[in-house]
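Visitor: Structure, please.
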Amino acid sequence: MLDSALAKRLGLAAVRHEEADTGSLIPKEWSTKVVGVGKVGAHKMWVTQLKALEVGSLQWTNVHLGVTDLKNWELAEPGNESEEVQGVLGRELLKAHGALIDYHSRKLWFRPEKSATSRKAGGMKE
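Guide: The predicted structure follows:
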């Protein structure tokens, strides 16, 4: 999930449905409500698409991400220790890549990806 201020600086646009609702010529953007810790209530989140996303050595292409104002959860607030936060990685992504978080050093480590050669040696077939 990205902070809306970052999405604006990058000029990211909302992904729109392929067809407009009945009675309209303008397709609606993909959006939903998101709830989390911090301020009470649900907050609007819209969807954007990135051509590529890199986190350390991991790379994804054509990634859909949610965009919302992270200040609703006391993140990305100027003058706050969380001012540097520009996005949040989800538990599913972290778990899938064996993430290890070193809170003291403020570092994120991912399990090394197996190369095609080591996967083949481990009994995987092409």
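Visitor: Does Lys114 belong to a helix, a strand or coil?
Guide: When classified by DSSP: H, G, I helix; E, B strand; the rest coil, Lys114 comes out as coil.
Visitor: Next one, pLDDT for it please.
Guide: Listed pLDDT for Lys114 reads 71.
Visitor: What's the local residue count around Glu18?
Guide: Neighbouring residues of Glu18 were enumerated by other C-beta atoms under 10 Å; the total is 5. To be clear about C-beta, it is placed using only N, CA and C from the backbone, and glycine gets the same treatment.
Visitor: any idea how far it lies from Trp30?
Guide: For Glu18, the distance to Trp30 equals 11 Å [C-beta to C-beta, to the nearest Å].
Visitor: Okay, helices next: where are they in the chain?
Guide: 4-10, 91-96, 116-121 (DSSP state H).
Visitor: what are the bridge partners for the closest residue to Ala42 other than its chain neighbours, then?
Guide: Leaving out its chain neighbours, the residue that sits closest to Ala42 by C-beta to C-beta, 6 or more residues apart in numbering is Lys33, at 3.7 Å. Counting by DSSP bridges, Lys33 is bridged to Lys44.
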